[in-house]
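> Kindly return the folded structure for what I paste below:
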Amino acid sequence: MSRLAEDLTRLSRNVPQTAEVAGVNQKVAWRVRILSVTGDAIVVFAVSLFSFWLRFRTGLKLPGTVERAVTLNDYAAYILVGGLMLMLLLSHYRFYESSQVLRYRQASILIIKACTIWLVGILCI
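Predicted coordinates:
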């Protein structure tokens, strides 16, 4: 065999199989998906807690509202249901699939759709 043929044979033996490469990509996609779900849940619940604080703990007076003492325990079910509803809507629109997570335009449209439906739903509760 020529030297070139020997080098090509040696290199072809060291090349990872397609399944191995796909396995690595699947692991990365799975980690990105878990990170996305966790990050979204943290942001949704943090914004819900911030809205509770802004509405009931600051001196903001909204026209047409009745002032009454609302505790976080009273509002916790509303925060939990609202947060879970938004997470389920994003999941329903397949936002967390590996083909969607890193595509900005498609992800933006899905987020707008899910948040619009969520806003209507949360106002009805």
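> make it CA atoms for all contacts and neighbour counts henceforth
Fine.
> By mean pLDDT, flag the weakest helix or strand of the protein.
Sorting the helices and strands of the chain by mean pLDDT, DSSP states H and E puts helix 3-14 at the bottom, at a mean of 65.
> List the contacts of stretch 89-107.
For stretch 89-107, contacts defined as Cα atoms under 8 Å, 6 or more residues apart in numbering pick out A29, W30, V32, R33, S36, V37, L110, I111, A114, W118.
> and if we set it to 6 Å?
A29, R33, A114 (Cα atoms under 6 Å, 6 or more residues apart in numbering).
> now swap in stretch 36-48 and tell me
I79, G83.
> Next, the buried residues of that stretch.
V37, D40, A41, V44, F45, S48 (16 or more other Cα atoms under 10 Å).
> Stretch 97-114 now?
S98, Q100, V101, A107, L110, I111, A114.
> hmm, back to that, so of the contacts of stretch 89-107, which ones are in helices?
Under the assignment DSSP state H, the contacts of stretch 89-107 contribute A29, R33, A114 to helices.
> and the first one, how many neighbours?
Pointing back at A29 there. Using other Cα atoms under 10 Å, A29 is surrounded by 18 other residues.
> what does the second one give?
Here the count is done by other Cα under 10 Å, and R33 has 19 residues near it.
> which residues sit in contact with it?
Shown in contact with R33 (Cα under 6 Å, 6+ apart): Y96.
> so where's this structure shaky on pLDDT?
1, 4-5, 7-24, 64-66, 101 (pLDDT under 70).
> Could you rerun that using 90?
By pLDDT under 90, the weakly predicted segments of the chain are 1-37, 40, 51-72, 74-75, 78, 90-115, 118-119, 121-125.
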